[in-house]
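Student: here you go, sequence then predicted model.
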2 protein chains.
Amino acid sequence: MTGPEALLFDVFGTVVDWRTSVAREASALLGAGLDAPAFADAWRDRYQPAMEAVRSGQREWTILDVLHRENLQQVLAQFGFADPGPGRLDELNRAWHRLDPWPDAVAGLARLKRRYIIAPHSNGNIALLVNMAKRAGLAWDVILGAEVVRAYKPLPESYTRAATALARTPGQCMMVAAHNSDLHAAQAQGMQTAFVPRPREHGPQQTSDLAPTGEWTVIAEDFEDLAAQLGA
Amino acid sequence: MTGPEALLFDVFGTVVDWRTSVAREASALLGAGLDAPAFADAWRDRYQPAMEAVRSGQREWTILDVLHRENLQQVLAQFGFADPGPGRLDELNRAWHRLDPWPDAVAGLARLKRRYIIAPHSNGNIALLVNMAKRAGLAWDVILGAEVVRAYKPLPESYTRAATALARTPGQCMMVAAHNSDLHAAQAQGMQTAFVPRPREHGPQQTSDLAPTGEWTVIAEDFEDLAAQLGA
């Protein structure tokens, strides 16, 4: 198989540690008494159902910042908080713009960029991904993702439209993710695949995605190992 | 006025010297006998009419690579060349992916990137802008432009949608261009503006855009001067 020309990265969980970062932001804004990891988990639990309303066509196209904000209002109520008002709501919602990268991510991406086009292909919207990249130092060549292709993963067209935007075939692209489901969906559209486990994404008790469950093109320990295996 | 958070750059003529680069590519592929600058000009002359068919709604959304390729077929016929076949046609069409930056562009952008979000907001499509940036070393934070916002400049929605994609108001964005018309259109939507003259874009006989024709926020000699004036 010919090597890829472009590497498309899942972001939440694969490039950045959303759980620790959101918990930190929630603690800072809501007070130290909060069970912050539980708050982060509860917020994230509403992520797939909110996107599913868009994927199914029940709801018109809506970017993730808007879905996150609606979900945040529900989680705040669930945890017994009063409505904090639009300013503080927006500030906390932008916690997802301030996620910290895993320790190997920045250096690994910089190394991969020398040889490949590197792009986030995330369900995050453009502003979220740009703000995150500026803060964290993620040296993307181009921001792809749901807002650019107008489809949430794992819809098939999410992957094929990303390749088309780069004027590449799916086979010239490699999806990089810590989630087997993302890779299965990308592979079904003809993309190459790389699995990078992130066994603490969901905290110390994580049980999912600890190991590859498919025939992936590459299985790497982290982004530095991915760069080494891809000759970058 | 508060300074901008994001700088949006026109690309063809403002960041890169399309005429010299296309002439070089055309000579290389079509032979030394060609009047290569005239060929580049003739190809570029068909640029606005082709986009106008899309802007007016007469034609459905179509990316610039496709428009460029149709225009190329017409210009080849105009210059007396036989159809070179799809492979050579694509190769020459991708001349627009291999444009050289003006001498100050790479260093100026790198400097501006330290303080601002920098993005191309061009009528070029995503693949064209990514391939150009990788080859030339343009350190964009995000690729915006017509394909992302689904509208060709100078339509008003081209500018407003670009700001929205960054979760900024138009006033938090500054359009940077060597073309007064682009800045007039951006300013009408509330953007800040920077004029950087490129008096050789159209060759030694250029008569257009030699001087600012509006009340622009900044007038800079080149991108290094723009960085200096913007405190980057």
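Tutor: Nice, thanks for sending it over. Numbering: from 1, shown residues only, chains lettered A, B, ... in the order given.
Student: every contact and neighbour count from this point should use C-alpha atoms.
Tutor: Will do.
Student: so how far is A:H202 from the residue in chain A sticking out farthest from the centre?
Tutor: Centroid-distance maximum for chain A: A:A82 at 29.3 Å, with C-alpha atoms, centre = their mean. Separation of A:A82 from A:H202 (C-alpha to C-alpha, to the nearest Å): 27 Å.
Student: quick revisit: isn't the residue farthest from the centre of chain A up against A:Q73?
Tutor: No: A:A82 is beyond contact range of A:Q73, at 9.3 Å (criterion: C-alpha atoms under 8 Å).
Student: helices of chain A, start to end?
Tutor: A:18-30, A:36-45, A:47-55, A:64-78, A:86-93, A:105-113, A:126-136, A:146-149, A:156-165, A:180-188, A:223-229 (DSSP state H).
Student: for the second one, which residues meet the burial criterion?
Tutor: Within helix A:36-45, the residues that qualify as buried by neighbour count (16 or more other C-alpha atoms under 10 Å in any protein chain shown) are A:A36, A:P37, A:F39, A:A40, A:D41, A:A42, A:W43, A:R44.
Student: and for the fifth one?
Tutor: Residues A:L89, A:D90, A:L92, A:N93 are the ones in helix A:86-93 that count as buried (16+ other C-alpha under 10 Å).
Student: ok, the third one next?
Tutor: Of the residues in helix A:47-55, those buried under the neighbour-count criterion (16+ other C-alpha under 10 Å) are A:Y47, A:A50, A:M51, A:V54, A:R55.
Student: please identify which of the buried residues of helix A:86-93 is nearest to B:Q172.
Tutor: A:D90 (17.6 Å; C-alpha to C-alpha).
Student: so who does the closest one touch?
Tutor: Counting by C-alpha atoms under 8 Å, 6 or more residues apart in numbering or on different chains, A:D90 makes contact with A:R69.
Student: quick one, which of the helices of chain A is packed in tightest?
Tutor: helix A:146-149 (a mean of 23; mean count of other C-alpha atoms under 10 Å in any protein chain shown).
Student: which strands and helices sit next to that helix?
Tutor: helix A:156-165 (3 or more C-alpha pairs under 8 Å, 6 or more residues apart in numbering or on different chains; DSSP states H and E).
Student: show me the domain layout of chain A.
Tutor: What automatic domain parsing lists as the domains of chain A is A:6-17+A:99-229, A:18-97.
Student: output these as TSV; include the columns mean pLDDT.
Tutor: Formatted as TSV, the domains of chain A follow (pLDDT from 0 to 100):
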stretch	mean pLDDT
domain A:6-17+A:99-229	98
domain A:18-97	96
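Student: will you turn those into TSV that also has distance to B:R150?
Tutor: Output for the domains of chain A, formatted as TSV (distance: least, C-alpha to C-alpha, whole Å):
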stretch	distance to B:R150
domain A:6-17+A:99-229	10
domain A:18-97	15
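Student: pLDDT value on A:M1, please?
Tutor: Here the pLDDT value assigned to A:M1 is 64.
Student: can you list the residues of chain A near chain B?
Tutor: Chain A comes close to chain B at residues A:117, A:125-127, A:130, A:133-134, A:139-143, A:148, A:165-167, as judged by C-alpha under 8 Å from any C-alpha of the partner chain.
Student: how does it look with 6 Å?
Tutor: Where proximity means C-alpha under 6 Å from any C-alpha of the partner chain, the interface of chain A facing chain B comprises A:I126, A:A127, A:V142, A:I143, A:V148, A:A165, A:L166, A:A167.
Student: ok, the third one touching B:L144?
Tutor: What it means is A:V142. No: the pair A:V142 / B:L144 is not scored as a contact, 8.9 Å apart, by C-alpha atoms under 6 Å.
Student: when those two are compared, which one has more neighbours?
Tutor: Neighbours of A:V142 and B:L144, each counted by other C-alpha atoms under 10 Å in any protein chain shown, are more numerous for B:L144; the result is 31 against 26.
Student: what about the residue lying closest to A:L72 once chain neighbours are set aside, distance to A:R19?
Tutor: The spatial neighbour of A:L72 that comes closest, neighbours along the chain excluded (C-alpha to C-alpha, 6 or more residues apart in numbering or on different chains), is A:W43 at 6.3 Å. Applying C-alpha to C-alpha, the value for A:W43 to A:R19 is 10 Å.
Student: could you check how far A:H202 is from B:M132?
Tutor: Taking C-alpha to C-alpha as the measure, A:H202 and B:M132 are separated by 39 Å.
Student: can you give me the end-to-end span of stretch A:188-197?
Tutor: Start-to-end span of stretch A:188-197 (C-alpha to C-alpha) is 20 Å.
Student: what does that stretch contact?
Tutor: Residues outside stretch A:188-197 that contact it (C-alpha atoms under 6 Å, 6 or more residues apart in numbering or on different chains): A:170-171, A:173-178, A:183, A:216-222.
Student: from the residues you listed, pick the one nearest B:E60.
Tutor: A:P170 (24.7 Å).
Student: related to what we said a few turns ago, most surrounded residue in the contacts of stretch A:188-197?
Tutor: A:V176 (30 neighbours).
Student: and that one, what does it touch?
Tutor: A:L8, A:F9, A:T193, A:A194 are the contacts of A:V176 under C-alpha under 6 Å, 6+ apart.
Student: let's have these in TSV, adding distance to B:P101 and neighbour count.
Tutor: What follows is the contacts of A:V176, written out as TSV (distance: C-alpha to C-alpha, whole Å; neighbours: other C-alpha atoms under 10 Å in any protein chain shown):
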residue	distance to B:P101	neighbour count
A:L8	27	28
A:F9	29	23
A:T193	34	28
A:A194	34	25
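Student: now, among these, which is nearest to B:P156?
Tutor: Closest approach to B:P156 among the contacts of A:V176 (C-alpha to C-alpha): A:L8, at 31.6 Å.
Student: any idea how far chain B is from the closest one?
Tutor: Plainly put, A:L8 is 14 Å away from chain B if you go by C-alpha to the nearest C-alpha, to the nearest Å.
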